[in-house]
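>>> Take a look and give me a structure for this.
(one chain, ligands or ions: 2)
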Amino acid sequence: MMNETVKVDRRDAKLALAYIYVAFIALALGGLAGLLQTLVRSGKFQLPAGISYYTILTTHGTLLGLVLTTFFIIGFQFAAISRTSGTLSDRVRFWGWVGFWMMTVGTTTTVFFILTGQASVLYTFYAPLQAHPGFYLGLTLLVVGSWISGFATFAHYARWKKEHPGKASPLLTFMAVTNMVLWLVCTLGVAATVLIQLLPWSLGIVDRVNVLVSRTLFWYFGHPLVYFWLLPAYMVWYVAIPKIIGGKIFSDSLARLAFILFLFFSIPVGFHHQLLEPGITPFWKYVQVVLTFMVVIPSLMTAFAMFATFEAYGRSKGATGLFGWLRKLPWGDARFFAPFVGMLFFIPAGAGGIINASHQMDQVVHNTIWVTGHFHLTVATTVVLTFFGAAYWLVPHLSGRVMTKAMNRLAIIQTVVWAVGMSFMSGSMHFAGLLGAPRRSAFSTYGNSPQALEWIPYQIAQAVGGTILFIGIILVLVIITNLAFFAPKGETEFPVAEAAEPQERAALAMDNWKLWIGITVALILVAYTVPFIDMIQNAPPGSKGYKLW
Ligand code: HEM
Ligand SMILES: [Cu+2]
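Ligands and ions are numbered 1, 2, ... in the order given. Below is the predicted model:
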């Protein structure tokens, strides 16, 4: 449907690539920090030169959780809207570059203050830990820059709609717009806590900060953040993968509906990260947990659509029996294999998520390294492997090169290395967490307490996994560098599949942003207004800042 522009314009490609380069630089530095963490936690290694574990951990969480993801996503989405809705106007592209430079300067500032040991507050920067004001300023630039890129995306979408009256927007553009709406609405929370609370407090303008309010604003952002990571992976699954395997999109309007449901149910749910927070009544936690579990609906819709696409394709190739279609899939193609392995890891990841969000079971795993194991399955495997798989066609498409057979083989190996390394690392994190090992902690035997000694074998397995994963990072960097600068010149396809059946009217009805944003805001108000007023009215005196590192 509507594949008007087949190739991304050279100028747009440069913009998208700029974002993607920063993402992979963040992967290199953040990955090194991750390796060091696993080595420290094994008890066999100490950081040199008095470097603090928390400096490394803050670098890792910030560079990988916030920088790698946001830069890759925005670069990918600029390419996607240019590919499906036509070349960007000069104005939109200009603002895309403004966003890029603000984000890059912001990132550099933030990382400078982290690496110089002035901001070891972890990527969640919970008060009352207090960082240098430069850390918060850098974050502000990063967020405001991303807003500018978001508005540039909306402007491009609006122009397309104006030029095509009565037509439904291209699916991939619709998805990118949904993700940027989600991002804009949720980053308002993090901007509020940084600008109104943390920045004035770190500058000494105010003495005390309301910790509960700042955490609540953080998690109002922090949960939708994970959907902001996930939706671009779903874009690849819904739109690119069917084309790569030679099949069709199962249903265009089902995909759009799933995205809108993710928009509704990813924001009014931050309390599931605060289940053990004393200042929120159980009733409001319950309301938000119910809303949390609503994401089961679009998640299962997505799983169904994916496997329906695979099965329909396999059967069209003559597959028979219950699982015969599995054999028809292109296992030797890294553009398919990497995201597919990502999908498989999402099954245990999702099961773990249900445990985390369930109040009673969360008591067992809260703040243990189980949680770290969980999100290394979700973001650091499902999302990241899908991004790698997408980069294997996106980067050569943008750089005007082609992936050689040798690079494809290396990419298959990379995927296997990642899967093996992550099974070790995340698996041992899950087990150690069940035995009570805390997250965010360097090595300690806690005075040789028997419980802490039980964790050590798992921490060693974790370091083995971390080392394998780091090899995976080196491999992917080799591949991406090759695809960007050294691979043979040529044309690589940006795969965009067609829908199995035209559903123009249903799709057009989905372009109703007033309604979607209205429902999103209404759900947020229902979930947050009363408990938020409560937090302000019953506010304790607030806390001074602490620098505990
Ligand atoms: C070489 C690959 C990686 C290794 C060895 C690794 C290792 C680790 C370890 C050991 C921790 C927990 C440390 C602790 O709580 O004390 C951690 C935390 C974390 N990792 Fe990774 N990781 C890797 C890749 C990734 C990737 C690709 C992402 C994101 C896309 C990621 C995101 C995070 C985040 C957000 C945290 C939380 C930091 C915090 O609690 O403040 N990691 N990682
Ligand atoms: Cu969450």
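
>>> the strands in the protein, which residues?
Residue ranges of strands cannot be listed for the chain, since DSSP state E assigns none.

>>> do you know how far the residue nearest the centre of it is from M235?
When the chain is reduced to its mean C-alpha position, the closest residue under CA atoms, centre = their mean turns out to be W229, at 2.4 Å. Relative to M235, W229 is positioned 12 Å away (criterion: CB to CB, to the nearest Å). (Each C-beta comes from the backbone N, C-alpha and C, glycine too.)

>>> In this structure the residue nearest to the centre of the chain contacts V383, no?
Yes - checked against CB atoms under 8 Å, the pair W229 and V383 is within contact range at 4.9 Å.

>>> list the residues that contact both of those two?
T69 (CB atoms under 8 Å, 6 or more residues apart in numbering).

>>> and the stretch 101-250 of the chain, which residues reach ligand 1?
Counting by CB under 6 Å from any ligand atom, the residues of the stretch 101-250 of the chain lying close to ligand 1 are L122, Y123.

>>> Residue of the stretch 101-250 of the chain nearest ligand 1, please.
Of the residues in the stretch 101-250 of the chain, the one nearest ligand 1 is L122, at a distance of 3.8 Å by CB to the nearest ligand atom.

>>> ok so, going back, list the residues that contact the residue nearest to the centre of the chain.
Residues in contact with W229 (CB under 8 Å, 6+ apart) are T69, I73, V379, V383.

>>> How about the residues of the protein by ligand 1?
Residues of the chain found near ligand 1 (CB under 6 Å from any ligand atom) are 31, 34-35, 37-38, 41, 57, 60-61, 64-65, 68, 122-123, 369, 372, 376, 379-380, 384, 439-441, 466, 469-470, 473.

>>> Tell me the buried residues within these.
Applying a neighbour-count criterion of 16 or more other CB atoms under 10 Å, the buried members of those are 31, 34-35, 37-38, 41, 57, 60-61, 64-65, 68, 122-123, 369, 372, 376, 379-380, 384, 439-440, 466, 469-470, 473.

>>> In stretch 311-319, which residues are buried?
Burial within stretch 311-319, assessed by neighbour count using 16+ other CB under 10 Å, is assigned to E311, A312, Y313, G314, A319.

>>> In contact with the closest residue to the third one other than its chain neighbours, which residues?
It stands for Y313. Here the nearest residue to Y313 in space, its sequence neighbours aside, is G247; by CB to CB, 6 or more residues apart in numbering that works out to 3.4 Å. When contacts are counted by CB under 8 Å, 6+ apart, G247 is found next to T309, F310, A312, Y313, S316, A497.

>>> hmm, try it at 7 Å
By CB atoms under 7 Å, 6 or more residues apart in numbering, the contact set of G247 is T309, A312, Y313.

>>> Likewise for V395?
Residues in contact with V395, defined by CB under 7 Å, 6+ apart, are I20, I480, L483, A484.

>>> I'd guessed the last one sits against S399; true?
Yes - the pair A484 / S399 is scored as a contact, 5.1 Å apart, by CB atoms under 7 Å.

>>> What separation do you get for the residue in the stretch 251-400 of the chain that ligand 1 sits nearest to and G350?
When distances are taken as CB to the nearest ligand atom, the stretch 251-400 of the chain approaches ligand 1 most closely through A380, which lies 3.5 Å from it. Distance, A380 to G350, using CB to CB: 15 Å.

>>> go on, G332?
Separation of G332 from G350 (CB to CB) stands at 28 Å.

>>> Give me the subset of the contacts of W229 lying in helices.
Judged by DSSP state H, the contacts of W229 include T69, I73 as members of helices.

>>> And the contacts of W229, which two are furthest apart?
In the contacts of W229, the most distant members under the criterion CB to CB are I73 and V379, with 11.6 Å between them.

>>> my read: I245 touches F337, true?
No - using CB under 7 Å, I245 and F337 do not qualify as a contacting pair, with a distance of 10.9 Å.

>>> Keeping just the C-alphas, turn the worst-scoring helix or strand of the chain on mean pLDDT into PDB.
Across the helices and strands of the chain, the lowest-confidence element by mean pLDDT, DSSP states H and E is helix 504-509, at a mean of 86. This file holds the C-alpha atoms of helix 504-509, laid out as PDB (Å, rounded to 0.1, in the frame of the first residue of the first chain):
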ATOM      1  CA  GLU A 504      -8.600   1.900   3.500                       C
ATOM      2  CA  ARG A 505     -11.700   3.000   5.400                       C
ATOM      3  CA  ALA A 506     -10.700   1.300   8.700                       C
ATOM      4  CA  ALA A 507      -7.200   2.700   8.400                       C
ATOM      5  CA  LEU A 508      -8.500   6.200   7.600                       C
ATOM      6  CA  ALA A 509     -10.700   6.100  10.700                       C
END
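
>>> Name the surrounding residues that touch it.
Contacts of helix 504-509 with the rest of the structure, by CB under 7 Å, 6+ apart, involve K167, A168, D252, S253, R256.

>>> go with 10 Å
1-2, 166-171, 174, 251-257, 499, 503, 515 (CB atoms under 10 Å, 6 or more residues apart in numbering).

>>> Would you mind checking those for buried ones?
1-2, 168-171, 174, 251-257, 499, 503.

>>> from the residues you listed, which two are the most distant?
The widest separation within the buried ones among the contacts of helix 504-509 (CB to CB) is 18.8 Å, between M2 and L257.

>>> hang on, the earlier thing: for the least confident helix or strand of the chain, buried residues please.
If you call a residue buried by 16+ other CB under 10 Å, then helix 504-509 has these buried ones: A507.

>>> Stretch 144-158 now?
Along stretch 144-158, the positions that meet the burial threshold by neighbour count (16+ other CB under 10 Å) are V144, G145, S146, W147, I148, S149, G150, A152, T153, F154, H156, Y157.

>>> Excluding sequence neighbours, find me the nearest residue to the second one.
Counting by CB to CB, 6+ apart, G145 lies nearest to M102, which is 3.0 Å off, once chain neighbours are set aside.

>>> ok, V364 - how many residues close by?
Here the neighbour count serves as a burial measure; for V364 (other CB atoms under 10 Å) it reads 12.

>>> Which residue is the nearest non-sequential neighbour of it?
In space, V364 is closest to L434, 7.0 Å off (CB to CB, 6+ apart).

>>> and if you look at W95?
Nearest in space to W95, with sequence neighbours left out and distances taken as CB to CB, 6+ apart, is A152 at 4.1 Å.

>>> quick one: contacts of stretch 325-334?
241, 244-247, 307, 310-319, 321, 336-337, 340, 388-389, 392-393, 403, 405, 407-415, 479.

>>> again, 6 Å this time
By CB atoms under 6 Å, 6 or more residues apart in numbering, the surrounding residues in contact with stretch 325-334 are I245, E311, G314, R315, K317, A319, F336, F337, Y392, N408, A411, I412.

>>> State the pair within those residues that is farthest apart.
Within the contacts of stretch 325-334, R315 and A411 form the most distant pair, 27.9 Å apart (CB to CB).

>>> thinking again about what came up before, filter the residues of the chain next to ligand 1 down to the ones in helices?
31, 34-35, 37-38, 41, 57, 60, 369, 372, 376, 384, 466, 469-470, 473.

>>> before we move on, back to that, can you give me the neighbour number for the nearest residue to the residue of the stretch 101-250 of the chain closest to ligand 1 once chain neighbours are set aside?
Of all residues beyond its chain neighbours, the one nearest L122 is T58 (5.2 Å), with distances taken as CB to CB, 6+ apart. By other CB under 10 Å, the residues close to T58 number 30.

>>> go on, V181?
Other residues within reach of V181 by the criterion other CB under 10 Å amount to 20.

>>> Check what pLDDT it gets.
In this prediction, V181 carries a pLDDT score of 97.

>>> before we move on, what about F271?
On pLDDT, F271 comes in at 95.

>>> Please report how far the residue nearest to it when sequence neighbours are not counted lies from T281.
Once its chain neighbours are removed from consideration, F271 has its nearest residue in Q288; the separation is 3.9 Å (CB to CB, 6+ apart). Using CB to CB, Q288 is found at 11 Å from T281.
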